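Colleague: Would you be able to build a 3D model of this:
(2 chains)
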Amino acid sequence: MTGPRFRFAPSPTGFFHVGGARTALWNWALARSMGGTFVLRIEDTDAERNRPEWTQGIIDALAWIGVHTDDPHFEGPYFQSNYAEQHVAAAQRLFEQGDAYYCDMTGADVEARNKAEGNQGYQGWSRNRGLGPGPGHVLRFKVPAGTTVVHDLVRGEVTFDNSLIEDFVLLRGNGTPMFLLANVVDDMTMSISHVVRAEEHLPNTPKQQMMWEALGHEPPVWAHVPVLVNEARKKLSKRRDKVALEMYRDEGYLADAMVNYLMTLGWMPKGGEEIQPWAQMEADFRLEDVNHSPAFFDLKKLAAFNGDYIRSMSPAEFLEACRPWLLAADAPFPADRFDEEVFLAMAPVIQPRATTLAEALGVVDFMFLAEPAIDADAWAKATATPDLVGVLRSSSAAFEAVADWSADELKAAFEQAAEANGFAKPGKAQAPVRVAITGRTVGPPLFESLEFLGRDETLRRLRNADATIG
RNA sequence: GCCCCCAUCGUCUAGUGGCCUAGGACACCACCCUUUCAAGGUGGCGGCACGGGUUCGAAUCCCGUUGGGGGUGCCA
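Modeller: Okay, here's the model as predicted:
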């Protein structure tokens, strides 16, 4: 692979952020459509928040959204912690070149001096003190005078006044490298040509660009994409918001729907049609077309996308997609009562009624439950008047007499029973039968359900329900 | 506080000086269809933050204001 080299560099935190997923997807689309490479680098240098299993979580999440480690465009994962020596070596080089210097002031020292002098930030106090490395000495980058212009593919030219950028820390007092340094050195080592990341990194960019230059390299192409925000228009946070990709997967959001939705947050496929196959989006995606303002991660719209994708599946695909929920320990009904044939046959009436896969099983759970729970309020309402009770009893009798147990005949039988009890519109009289059979007032078409439920079970449930009426 | 970014319906967006009476999607409302609920169909509501310029002409260019967001660690 000789094309451009992109990278995705998450820090392991135990879950995969939806914002990170979008960034990964955009990098992935770019790498693939440009014949380039997507480098995965796990930024695990902060021992505080890092566990080996987190990494697998990242790889699994990426695979779910279609970023596969066995794709020729994929490279990695690399672990930042393995490159500490190189980070330190680069810092050493900057020191030797005179682009960095040691400082023995602690954070408290800096704060105290600023308070005394009415200043803010680090004022380059140790620039000319000629300090060498030593315990507690941090290495700081000597920010040159002038301005730094960042060329950004989505923002354009952004100019920073270097005098407003403090001499930032490269190496901690204990000698370990800081993120800014590690990040730059790794990008250089991995020959990254395009850094596509969230906007929150834009203020870091002049610092990183100065390091690239000091280290004798041409900086990469930068692209800072807008952040994803919540309803209050604040950056999505794991404390407040539902940001874990895994949670959406577990609730039955389809990967294709999630991917499609994420892609359109800040970018619109050509032609203005939002629902697009991955291949099309991959081919069309351009950083130059990315929007500049933060995008609200809208659960309602995600749900709409998901419903759309669910409805477009064939019954067989739908069954397979539901399989994990059918086999789950907390499945809504016991596996041995499940009937694939029935589920397949009912799929077309289930799909338009479900927003998520998890929800889909709930639509037909009554078909596979030995004794579906009857909602008390629904039952009370469905049998509140004598005519409703009458419908229940006469339809029960009418069903018993049906010769051919089919939806059509059941419907005809029911309509007669309803009319006999004074209902001009049979639809209005469905409630008692529906509640008796399904436990609820709403659900898939009743007579088709009865057909599949079978004569014996239908009549049994009607008799049981009838018996509960005084 | 300081620095940076941003600003089209409630939301995601189309729009790159005349094609804009500002288009689509989600949400919402109404109607149709109908076997409940959905789905589907039709229609509706609703927006260029404000003020100055530039121009024959501005949602589009410039300046300012206001508003929002991000960043300001010996976190990543």
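Colleague: From now on I want contacts and neighbour counts done on CA atoms only, so please keep to that.
Modeller: Will do.
Colleague: so where do the helices sit in the stretch 251-400 of chain A?
Modeller: A:255-263, A:278-284, A:299-311, A:315-327, A:340-350, A:357-368, A:376-382, A:386-401 (DSSP state H, counting those that start in this stretch).
Colleague: do you know which of the ones you listed lies nearest RNA strand B?
Modeller: Within the helices of the stretch 251-400 of chain A, the stretch nearest RNA strand B is helix A:299-311; the backing value is 3.5 Å (Cα to the nearest atom of the strand).
Colleague: Report the buried residues of that closest one.
Modeller: Residues of helix A:299-311 classed as buried by neighbour count (16 or more other Cα atoms under 10 Å): A:302-303, A:305-311.
Colleague: ok, residues contacting that helix?
Modeller: Applying Cα atoms under 8 Å, 6 or more residues apart in numbering, the contact partners of helix A:299-311 are A:253-254, A:256-258, A:260-261, A:275, A:318, A:351-352, A:354-357.
Colleague: repeat for stretch A:84-92
Modeller: Residues contacting stretch A:84-92 (Cα under 8 Å, 6+ apart): A:100, A:139, A:170-171, A:175-177, A:181-182, A:185-186, A:215.
Colleague: which of the residues you listed come close to RNA strand B?
Modeller: Counting by Cα under 7 Å from any atom of the strand, A:171, A:177 from these sit close to RNA strand B.
Colleague: Nearest residue to the residue of chain A found nearest RNA strand B in space, ignoring adjacent ones along the chain?
Modeller: In chain A, the residue found nearest to RNA strand B is residue A:266; the distance is 2.6 Å by Cα to the nearest atom of the strand. Leaving aside its chain neighbours, residue A:266 sits nearest to residue A:291 (4.9 Å; criterion: Cα to Cα, 6 or more residues apart in numbering).
Colleague: Now do the phi/psi pair for that neighbour.
Modeller: Per-residue torsions, residue A:291: phi -70, psi 160 (degrees, to the nearest 10).
Colleague: Am I right that it is in contact with residue A:228?
Modeller: No - judged on Cα atoms under 8 Å, residue A:291 makes no contact with residue A:228 at a distance of 11.8 Å.
Colleague: ok, the two, which is more surrounded?
Modeller: Neighbour tally, residue A:291 and residue A:228, criterion other Cα atoms under 10 Å: the higher count belongs to residue A:228, 25 against 16.
Colleague: Quickly list what that one is bridged to.
Modeller: Under DSSP bridges, the beta-bridge partners of residue A:228 are residue A:295.
Colleague: what's the helix or strand for the residue lying closest to residue A:55 once chain neighbours are set aside?
Modeller: Distances taken as Cα to Cα, 6+ apart put residue A:12 closest to residue A:55, at 6.3 Å, once the chain neighbours are dropped. Here residue A:12 sits in a region with no helix or strand, counting by DSSP states H and E.
Colleague: Please report the number of neighbouring residues for residue A:12.
Modeller: Neighbour number of residue A:12 under other Cα under 10 Å is 22.
Colleague: and if you look at residue A:456?
Modeller: Residue A:456: 9 neighbours (other Cα under 10 Å).
Colleague: now residue A:158
Modeller: Neighbours around residue A:158, by other Cα under 10 Å: 14.
Colleague: For it, give me the pLDDT.
Modeller: Note on residue A:158: pLDDT of 94.
Colleague: Wait, a helix at it?
Modeller: No - going by DSSP: H, G, I helix; E, B strand; the rest coil, the assignment for residue A:158 is strand, not a helix.
Colleague: Rounded mean pLDDT for the helix or strand containing residue A:76, please.
Modeller: Assessed by DSSP H and E, residue A:76 sits inside strand A:74-79. Regarding strand A:74-79, the rounded mean pLDDT is 94.
Colleague: Repeat that for stretch A:14-26.
Modeller: pLDDT averaged over stretch A:14-26 gives 96.
Colleague: what about the strands in the stretch 1-150 of chain A?
Modeller: Using DSSP state E, counting those that start in this stretch, the strands found in the stretch 1-150 of chain A span residues A:5-8, A:37-42, A:74-79, A:100-103, A:138-141, A:147-152.
Colleague: Equivalent analysis for the stretch 151-300 of chain A, please.
Modeller: A:156-161, A:169-171, A:194-198, A:221-225, A:228-229, A:295-296.
Colleague: Out of those strands, which is the most enclosed?
Modeller: Mean neighbour counts were taken over the strands of the stretch 151-300 of chain A using mean count of other Cα atoms under 10 Å, and the top value, a mean of 24, falls to strand A:169-171.
Colleague: which residues touch that one?
Modeller: Contacts of strand A:169-171 (Cα under 8 Å, 6+ apart): A:88, A:91, A:138-141, A:177-178, A:180-181.
Colleague: farthest pair in the residues you listed?
Modeller: A:138 and A:180 (14.1 Å; Cα to Cα).
Colleague: Between the two, tell me which one has more neighbours.
Modeller: residue A:138 (25 against 17).
Colleague: what residues are up against the more buried one?
Modeller: Contacts for residue A:138 (Cα under 8 Å, 6+ apart) come out as A:102-104, A:169-175.
Colleague: Now with 10 Å, please.
Modeller: Neighbour list for residue A:138: A:101-106, A:132, A:168-177 [criterion: Cα atoms under 10 Å, 6 or more residues apart in numbering].
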